[in-house]
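Colleague: Quick one: sequence plus predicted model below, questions after.
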Amino acid sequence: MLRIAVPNKGSLSETAAEMLAEAGYSGRKDSRKLVHADVKNDVEFFYLRPRDIATYVGSGALDVGITGRDLLLDSGSDAHEITHLDFADSTFRFAAPADGDISEIEHLAGKRVATSYPTLVDGFLRQRGVEAHTVKLDGAVESAVQLGVADAVADVVSTGATLKAAGLEIFGPVILESTAVLIGAPTKHEGIERLIRRLRGVLVARKFVIMDYDLPAAQLEAAIAVAGGIESPTVSPLRDEDWVAVRVMVPSDDANTIMDRLYELGARAILVTAIHAARL
Ligand SMILES: Nc1ncnc2c1ncn2[C@@H]1O[C@H](COP(=O)(O)OP(=O)(O)OP(=O)(O)O)[C@@H](O)[C@H]1O
Ligand SMILES: O=P(O)(O)OC[C@H]1O[C@H](OP(=O)(O)OP(=O)(O)O)[C@H](O)[C@@H]1O
Ligand SMILES: [Mg+2]
């Protein structure tokens with residue numbers, strides 16, 4: 001049985017559970033349950049704190065897990081990143097009071113930096129020869145400066161709203177671009193390939209839609225230049241020989257722009273449908 005670590009709470013847990021459900025796995029029904037076996041698919045899920053997942057997978061106790069790239073790197077574990085999962089995108093940045101005297105990484109020398117990711121931050125500062133003191137906090141790191149326990153922070157930034165509300169401003173280089181990732185144990189379990197294929201299928205189903213349209217045959221090359229599909233569009237004859245029917249996968253975010261451009265080329269009856277599952 002493939003043993004899979006999934007986040008039991010926090011920002012990653014809901015989407016991770018949704019993706020596994022879309023990949024055809026059964027999940028726990030009761031949010032307090034810590035283990036769930038999906039016997040039909042020969043996998044067992046362990047619901048763990050996101051921060052602990054890399055430790056379990058790196059030790060080989062579990063075969064694979066879903067966590068954040070920032071948490072993986074901060075853990076220092078032997079687990080490795082297999083693939084990104086396209087959610088929980090964030091950057092990891094330094095920030096300090098907007099009107100203060102810290103605006104470059106060098107200004108952190110001798111200062112206190114609050115963070116929930118001390119290994120990551122210490123390593124980054126050391127690499128750049130800056131000697132600062134990290135203050136380890138569990139969360140709500142943005143309040144540390146206002147409350148006087150630190151001079152600057154290093155934390156996850158998504159919209160930037162939390163930093164702004166705390167009167168802090170980003171400075172210095174990007175410490176890390178993070179995202180949710182699938183991580184694997186040092187020794188590979190044979191069942192992992194099927195899980196990866198299923199999750200990649202979910203990513204495609206989430207990211208792409210199918211577009212069907214009818215087009216004057218003479219415009220085919222121009223239309224393919226607008227939307228070329230993943231490999232090559234399906235082109236079928238219509239009863240009227242001057243027209244063809246085209247089917248192509250397009251990124252869902254671009255669907256409306258592509259429809260506009262195809263319409264301008266003469267395409268008609270443009271239909272967009274969702275993909276429920278995919279194996280490319
Ligand atoms: N606002 C956010 N946007 C995107 N990703 C985020 C955000 N906040 C946290 N993350 C990501 O979620 C992961 C942290 O998981 P964790 O469960 O600790 O989230 P959390 O929301 O901080 O949970 P907690 O309830 O303990 O605060 C990290 O990979 C981090 O980059
Ligand atoms: O840039 P933003 O969109 O404002 O998001 C970033 C904030 O989100 C997370 O906090 P979370 O809600 O997880 O609380 P925490 O600090 O207690 O972990 C993260 O730690 C930042 O504080
Ligand atoms: Mg958080």
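Modeller: Nice, thanks for sending it over. Ligands and ions are numbered 1, 2, ... in the order given.

Colleague: Just say helix, strand or coil for the residue in the stretch 51-200 of the chain that ligand 2 sits nearest to.
Modeller: Of all residues in the stretch 51-200 of the chain, Gly139 sits closest to ligand 2, at 2.5 Å by CB to the nearest ligand atom. The C-beta positions use only the backbone N, C-alpha and C, and glycine is treated the same way. Recorded secondary structure, Gly139: coil (DSSP: H, G, I helix; E, B strand; the rest coil).

Colleague: And for Pro173?
Modeller: Going by three-state DSSP: Pro173 is strand.

Colleague: What about it, how many residues nearby?
Modeller: 10 (other CB atoms under 10 Å).

Colleague: Look up how far ligand 1 lies from the closest residue to it other than its chain neighbours.
Modeller: Ranked by CB to CB, 6 or more residues apart in numbering and with sequence neighbours excluded, the top spatial neighbour of Pro173 is Ile105, at 6.5 Å. From Ile105 across to ligand 1, the span is 20 Å (CB to the nearest ligand atom, to the nearest Å).

Colleague: Let me see the confidence value for Ile105.
Modeller: Looking at Ile105, its pLDDT reads 98.

Colleague: quick one: it and Val174 touch, right?
Modeller: No. The criterion here is CB atoms under 8 Å, and Ile105 misses it with Val174 at 11.1 Å.

Colleague: Looking at those two, which has the bigger crowd around it?
Modeller: Ile105 (19 against 12).

Colleague: Which secondary structure state does Ala222 sit in?
Modeller: helix.

Colleague: ok, for it, nearest residue in space, not its chain neighbours?
Modeller: Leu265 (5.4 Å).

Colleague: Could you pull up phi and psi at the residue nearest to Pro173?
Modeller: For Ile105, the backbone dihedrals (degrees, to the nearest 10) come out as phi -60, psi -30.

Colleague: if I pick the residue of the stretch 51-200 of the chain closest to ligand 2, what's in contact with it?
Modeller: By CB atoms under 8 Å, 6 or more residues apart in numbering, Gly139 lies in contact with Ser116.

Colleague: Distance of it relative to Trp243?
Modeller: 59 Å (CB to CB, to the nearest Å).

Colleague: How about His36?
Modeller: His36 sits 52 Å away from Trp243, going by CB to CB.

Colleague: what's Ala277 in contact with, if anything?
Modeller: For Ala277, the contacting residues are Glu22, Gly24, Gly201, Val202, Ala205, by CB under 8 Å, 6+ apart.

Colleague: try it again with 6 Å
Modeller: Ala277 makes contact with Gly201, Ala205, according to CB atoms under 6 Å, 6 or more residues apart in numbering.

Colleague: After the helix or strand containing Glu14, which helix or strand is next? Please name it.
Modeller: Assigned by DSSP states H and E, Glu14 belongs to helix 13-22. Helices and strands here follow DSSP H and E; after helix 13-22, the next one along the chain is strand 35-38.

Colleague: just checking, next helix/strand downstream of that following strand?
Modeller: Per DSSP H and E, the first helix or strand lying C-terminal to strand 35-38 is strand 43-48.

Colleague: What parts of the stretch 51-200 of the chain come near ligand 1?
Modeller: Contact residues, the stretch 51-200 of the chain versus ligand 1 (CB under 6 Å from any ligand atom): Arg51, Gly68, Asp70, Leu71, Ala88, Ser90, Gly139, Val156, Ser158, Ser178.

Colleague: Find the nearest non-adjacent residue to the third one, please.
Modeller: So the one you mean is Asp70. The nearest residue in space to Asp70 (CB to CB, 6+ apart) is Ser178, at 4.1 Å.

Colleague: Quick check, pLDDT for the residue nearest to Tyr25 when sequence neighbours are not counted.
Modeller: Leaving aside its sequence neighbours, Tyr25 sits nearest to Asp38 (CB to CB, 6+ apart; 5.1 Å). On the pLDDT scale, Asp38 is placed at 98.

Colleague: I figured Asp38 was touching Gly24, is that so?
Modeller: No. Asp38 is beyond contact range of Gly24, at 9.1 Å (criterion: CB atoms under 6 Å).

Colleague: So what's the residue count around Ala98?
Modeller: Count around Ala98 with other CB under 10 Å applied: 14.

Colleague: secondary structure class for the closest residue in space to it that isn't next to it in sequence?
Modeller: With sequence-adjacent residues excluded and distances taken as CB to CB, 6+ apart, Ala98 is closest to Glu169, at 4.2 Å. Under three-state DSSP, Glu169 falls in the strand class.

Colleague: Much appreciated, bye for now.
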